[in-house]
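Undergrad: Sharing a model that was predicted from the sequence below.
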Amino acid sequence: MCSLLLKMPEVDQIRVLNHKFVLDRGFCLRYQIFEWLDPRTGAGAWSKGYGSLGPAGEAAADTRLLYLRDQPPEMWVVPHAKRLGGQVQRECKDIYEIRFKANGVQQRPLGYFSPGGGVFTIVLWATHKGRQWFRRDFCRIARSRWHAIQKGTAATAEVEID
């Protein structure tokens with residue numbers, strides 16, 4: 001599946017078709033998905049959480065990631081994803097959560113879009129139940145890891161999606 005952007009020459013705007021985008025001349029818009037790597041263990045932020053899900057949870061995670069990687073950031077919205085921030089979560093500005101349920105728990109891998117575009121990097125895997133986040137300090141940790149990636153002091157690896 002490839003999302004596409006269709007440029008309308010007469011109005012010089014992008015038209016949304018069935019919530020999918022079509023790129024001029026049929027080029028695909030596909031984001032690369034990367035994960036932050038723990039410098040102590042080499043474990044990835046996505047891989048570590050993904051490995052604990054079991055087959056049904058892994059299928060839910062794969063489905064969500066396959067869908068989202070073909071969407072521009074403007075389409076990362078509820079119920080599939082959500083941009084955090086706003087009045088309550090100011091320190092979470094620019095963090096996106098990937099949303100899906102596995103093993104009866106709301107899974108929330110968190111990450112950022114790269115400034116240059118084309119890459120989304122998962123920096124932390126959190127869970128959510130009701131109004132309770134599990135890693136209470138998730139915004140601080142996510143922001144710290146993102147800054148380390150931007151400065152070149154943290155490693156990342158591409159996430160392989162089946």
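TA: Perfect, I can see it now. Residues are numbered from 1 along each chain as shown.
Undergrad: list the contacts for Trp146?
TA: Tyr112, Thr121, Val123 (Cβ atoms under 8 Å, 6 or more residues apart in numbering). (Glycine included, C-beta is placed from N, CA and C.)
Undergrad: I'd guessed the second one sits against Phe34; true?
TA: When you say that, I think you mean Thr121. Yes - using Cβ atoms under 8 Å as the test, Thr121 is close enough to Phe34 to be in contact (4.4 Å).
Undergrad: any common contacting residues for the two?
TA: In contact with both Thr121 and Phe34: Thr156, using Cβ under 8 Å, 6+ apart.
Undergrad: Settle it for me: which of those two has more neighbours?
TA: Neighbours per residue (other Cβ atoms under 10 Å) separate Thr121 from Phe34, with Thr121 holding more: 25 against 22.
Undergrad: Who does that one form a beta bridge with?
TA: Phe34, Tyr112 (DSSP bridges).
Undergrad: Assumed Trp46 was part of a strand.
TA: No - counting by DSSP: H, G, I helix; E, B strand; the rest coil, Trp46 is not part of a strand but helix.
Undergrad: And the pLDDT for Arg135?
TA: pLDDT for Arg135: 78.
Undergrad: residues contacting the residue lying closest to it once chain neighbours are set aside?
TA: In space, and not counting its chain neighbours, Arg135 is closest to Ala126: 5.0 Å by Cβ to Cβ, 6 or more residues apart in numbering. For Ala126, the contact set (Cβ under 8 Å, 6+ apart) comprises Glu97, Arg108, Pro109, Leu110, Trp133, Phe134, Arg135, Phe138.
Undergrad: What count of nearby residues applies to the third one?
TA: In this case it means Pro109. Around Pro109 there are 26 residues (other Cβ under 10 Å).
Undergrad: All set now, cheers.
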